[in-house]
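A.B. asks: below is the sequence, then the predicted model.
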Amino acid sequence: MAGRIEDYALIGDMQTAALVCRDGTVDWLCLPRFDSHAIFAGLLGTEEHGFWRLGPAHAADSQPPTAARRTYRGDSLILESEWDTPRGTVRVIDFMPPRDGAPQLIRIVEGVTGRVPMRSVLRMRFSYGRVVPWVHKHDGRTVAVAGPDSVWFDTSAETYGKSLTTYADFTVAPGDRIAFTISWEPSHKQPPALPEPEQSLQATEDFWREWVEHCTYHGPYREAVVRSLITLKALTYAPTGGIVAAPTTSLPEDIGGVRNWDYRYTWLRDAAITLSSLLRTGYREEARAWREWLLRSVAGDPENLQIMYGIAGERELGEAELDWLPGYENSTPVRVGNGAAHQLQLDVYGEVIEALHLAHMTGLARNDYASLLQLKLIRYLEDHWDEPDEGIWEVRGPRRHFVHSKVMAWVAVDRTIKLIESGDADGPLERWKELRDDIHRDVCERGYDKERNTFTQSYGSQELDASLLLIPQMGFLPPDDKRVIGTIEAIQRELSTSDGFILRYPTSGGDEGVDGLPGDEGAFLACSFWMADDLAMIGRVDEARKLFEKLLALRNDLGLLAEEWDPRLKRQVGNFPQAFSHVPLIDTALRLTASGAYGG
């Protein structure tokens with residue numbers, strides 16, 4: 001059985017990523033890309049669907065021991081796990097070197113004290129656990145082959161096969177270092193080069209140290225901010241600049257339920273807000289790469305802007321169910337692809353244009369096509385902003401006039417007006433100023449409940465929605481506006497959990513609600529960070545700081561966050577780690593630091 005979601009560590013090479021559990025098991029790895037088929041899919045099934053465990057030997061009828069300690073080596077993505085056993089202490093170092101050739105997952109076992117018996121158990125299963133590869137020796141190396149894929153296993157330890165699994169039993173003493181590496185290569189090509197684990201370890205450490213040195217944030221929450229930045233960098237697909245929302249699929253928002261989605265794609269919204277956080281902390285190269293990805297993906301067809309694309313800009317992300325996988329803690333269906341790709345979500349225009357605006361304001365070199373794209377997007381919005389859509393939360397129920405979507409349409413027009421006023425673009429300035437006023441007036445008249453003094457989820461609705469917390473952050477209304485304060489207080493009253501965290505919107509339990517789905521979900525962590533931001537903006541800074549620090553306490557021991565927090569089960573739920581949780585963590589830390597609202 002897979003571990004709890006928060007039991008996992010992330011390692012990656014900025015093209016794919018692996019999840020490593022506390023007991024030394026790699027339960028998730030897709031090769032060669034984030035969105036490729038998994039060769040270890042035990043996270044969504046059983047050990048029969050692929051895993052790689054490396055840790056102290058244990059009795060066959062007992063659970064694998066969990067590490068007594070684990071940490072990332074400094075400001076890097078190199079994981080170090082230590083076990084204290086009756087015979088001594090051992091350390092396992094897990095990492096994926098930034099790619100220069102074949103993708104590699106390297107695991108180095110290091111003896112610390114005593115003599116510790118160890119075991120490696122490698123069960124490769126291709127195509128999300130469905131295909132058992134042909135495992136054989138080739139020039140002294142172990143290789144697993146099936147269809148287009150081959151995975152090469154290299155180690156100095158003696159290995160043997162049993163029950164379609166590759167084992168290695170060995171003992172380490174102080175100073176011993178034994179390396180294990182798997183490398184992926186298309187099966188029709190020559191074998192990948194022999195790995196050089198120690199040189200790769202040093203190169204990986206150097207890469208992360210040099211990258212972190214560019215961070216411009218030096219405030220009291222630096223540890224949390226840097227770890228979140230490293231996580232966001234790890235979710236960036238280096239060859240194209242695309243940013244995945246998470247490296248996993250189908251980790252449930254509701255344990256045992258159907259709210260299981262594939263997040264291994266580039267949502268324009270998630271990528272845009274990720275870009276904003278990177279820009280605010282000194283990372284302009286990532287901003288430039290993402291802008292180039294955006295221009296390639298949208299190409300000459302901005303009228304058909306999708307809400308998400310593949311990491312290389314692919315448009316077709318057809319959704320399918322893997323019925324041979326029982327799901328994480330029996331949460332089915334397990335989905336790959338995402339049927340929401342072709343939804344209409346008008347807020348995406350605002351997020352994209354806000355990101356382009358911030359890039360422009362922070363001095364990113366001008367790109368004429370980016371300005372042209374922005375103008376084309378506004379011309380589309382001009383004709384479509386007043387249509388109903390599926391909204392930020394990708395509801396699978398009927399389209400509605402979501403207030404957040406209208407607010408972000410206003411943001412798109414507002415930022416484009418600023419671009420024209422700066423002299424960097426030409427457009428019908430007066431006409432678009434009128435459009436901006438029309439959208440603003442429409443939202444304030446049709447999306448605001450005067451009796452309750454709050455904006456609502458959609459026009460004519462009585463429901464609230466945590467995305468309304470972005471109204472002051474986007475500059476749609478000032479923080480001291482009574483309607484803003486009323487909305488913040490209404491969301492606190494009606495969408496707070498018993499822990500004080502914020503739900504996205506009301507769900508309906510066993511019946512289908514506004515999102516067209518049965519079941520409930522946890523507190524959406526981004527929304528709780530937004531609440532902390534708003535509280536700081538309206539002067540309730542002590543309350544904001546306390547909420548922020550409660551949120552920091554939800555991170556696992558390695559500083560990672562999933563999408564949601566289940567207040568009943570007191571555990572993380574949803575895909576992991578989630579960019580949409582780490583981005584607002586950074587933004588709230590920056591706001592609280594600027595306001596002086598922090599302890600100590």
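C.D. replies: That came in fine, so what should we check first? Numbering: from 1, shown residues only.

A.B. asks: all contacts plus neighbour counts: C-alpha atoms, from now on.
C.D. replies: Fine.

A.B. asks: hang on, Pro191 is in a strand, isn't it?
C.D. replies: No. According to DSSP: H, G, I helix; E, B strand; the rest coil, Pro191 belongs to no strand; its state is coil.

A.B. asks: thought Val484 was touching Leu470?
C.D. replies: No. Between Val484 and Leu470 there is no contact under Cα atoms under 8 Å: 9.8 Å.

A.B. asks: more neighbours: the two, which one.
C.D. replies: The neighbour count for Val484 versus Leu470, taken as other Cα atoms under 10 Å, is higher for Val484 (24 against 20).

A.B. asks: so the more buried one versus Ile491, what's the distance?
C.D. replies: According to Cα to Cα, to the nearest Å, Val484 and Ile491 sit 11 Å apart.

A.B. asks: same check on Val112?
C.D. replies: Taking Cα to Cα as the criterion, Val112 is separated from Ile491 by 52 Å.

A.B. asks: who's more crowded, those two?
C.D. replies: A side-by-side neighbour count of Val112 and Ile491, using other Cα under 10 Å, places Ile491 first with 25 against 20.

A.B. asks: quick check: that one is in a helix.
C.D. replies: Yes. Under three-state DSSP, Ile491 falls within a helix.

A.B. asks: my guess is it meets Leu464, correct?
C.D. replies: Yes. Counting by Cα under 8 Å, Ile491 does reach Leu464; the two are 6.7 Å apart.

A.B. asks: ok, Glu549 - how many residues close by?
C.D. replies: Neighbour count for Glu549, taken as other Cα under 10 Å: 15.

A.B. asks: now do Glu394
C.D. replies: For Glu394, the count of nearby residues is 18 (other Cα under 10 Å).

A.B. asks: shouldn't it be within a strand?
C.D. replies: No. Looking at Glu394 with three-state DSSP, it is coil, so not inside a strand.

A.B. asks: which pLDDT value belongs to Ala2?
C.D. replies: With respect to pLDDT, Ala2 scores 83.

A.B. asks: ugh, wrong one, Val395
C.D. replies: As predicted, Val395 sits at a pLDDT of 78.

A.B. asks: do Thr274 as well
C.D. replies: We have a pLDDT of 88 for Thr274.

A.B. asks: also the one 5 residues further on?
C.D. replies: pLDDT, the model's per-residue confidence, is 90 for Leu279.

A.B. asks: do a quick rundown of the strands in the stretch 251-400 of the chain.
C.D. replies: Taking DSSP state E, counting those that start in this stretch, the strands of the stretch 251-400 of the chain run over residues 266-267, 308-309, 320-321, 335-336.

A.B. asks: so of the ones you listed, which one's packed in deepest?
C.D. replies: Each of these was scored by mean neighbour count; the highest is strand 308-309, a mean of 27, by mean count of other Cα atoms under 10 Å.

A.B. asks: about what we covered before: in JSON lines, list the strands of the stretch 251-400 of the chain along with distance to Thr231 and mean pLDDT.
C.D. replies: Shown next, in JSON lines, are the strands of the stretch 251-400 of the chain (distance: least, Cα to Cα, whole Å; pLDDT from 0 to 100):
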{"stretch": "strand 266-267", "distance to Thr231": "15", "mean pLDDT": "92"}
{"stretch": "strand 308-309", "distance to Thr231": "20", "mean pLDDT": "92"}
{"stretch": "strand 320-321", "distance to Thr231": "28", "mean pLDDT": "96"}
{"stretch": "strand 335-336", "distance to Thr231": "22", "mean pLDDT": "97"}
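
A.B. asks: those strands into a markdown table, with extra columns for distance to Ser183?
C.D. replies: Output for those, formatted as a markdown table (distance: least, Cα to Cα, whole Å):
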| stretch | distance to Ser183 |
| --- | --- |
| strand 266-267 | 25 |
| strand 308-309 | 27 |
| strand 320-321 | 28 |
| strand 335-336 | 24 |
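
A.B. asks: nearest to Val352, of these?
C.D. replies: strand 266-267 (10.4 Å; Cα to Cα).

A.B. asks: return the distance of that closest one from the chain's centre.
C.D. replies: Relative to its chain's centre, strand 266-267 lies at 10 Å (Cα atoms, centre = their mean, to the nearest Å).

A.B. asks: likewise for stretch 420-434?
C.D. replies: Distance of stretch 420-434 from the chain centroid (Cα atoms, centre = their mean) equals 35 Å.

A.B. asks: list the contacts of it.
C.D. replies: Ser371, Leu372, Leu375, Val413, Asp414, Ile417, Leu419 (Cα atoms under 8 Å, 6 or more residues apart in numbering).

A.B. asks: do stretch 465-478 as well
C.D. replies: Looking at what lies outside stretch 465-478 - Cα under 8 Å, 6+ apart - the contacts are 392, 403-404, 407, 410-411, 440, 455-457, 479, 484, 487-488, 491, 495, 502-506, 527, 530-531, 534.

A.B. asks: mind checking which of those are in strands?
C.D. replies: Phe455 (DSSP state E).

A.B. asks: Ser150: which of the strands of the stretch 251-400 of the chain is closest?
C.D. replies: So among the strands of the stretch 251-400 of the chain, strand 335-336 is nearest, using Cα to Cα, at 21.8 Å.

A.B. asks: which strands or helices does that closest one pack on?
C.D. replies: strand 320-321 (3 or more Cα pairs under 8 Å, 6 or more residues apart in numbering; DSSP states H and E).

A.B. asks: gap between the two ends of stretch 75-91?
C.D. replies: Stretch 75-91 has an end-to-end distance of 19 Å (Cα to Cα).

A.B. asks: roughly how far is that stretch from the heart of the chain?
C.D. replies: Relative to the centre of its chain, stretch 75-91 is centred 26 Å away, using Cα atoms, centre = their mean.

A.B. asks: would you mark the buried spots in it?
C.D. replies: Going by neighbour count (16 or more other Cα atoms under 10 Å), the buried part of stretch 75-91 is 75-85, 88-91.

A.B. asks: can you list which of those are found in helices?
C.D. replies: Judged by DSSP state H, these include no members of helices.

A.B. asks: taking those residues one by one, which sit in strands?
C.D. replies: Going by DSSP E, the strands hold Leu79, Glu80, Ser81, Glu82, Trp83, Asp84, Thr85, Gly88, Thr89, Val90, Arg91 from the buried residues of stretch 75-91.

A.B. asks: relative to Val121, how far out is the residue nearest to Gly114 when sequence neighbours are not counted?
C.D. replies: Leaving aside its sequence neighbours, Gly114 sits nearest to Gly88 (Cα to Cα, 6 or more residues apart in numbering; 4.2 Å). In this view, Gly88 and Val121 are 21 Å apart by Cα to Cα.
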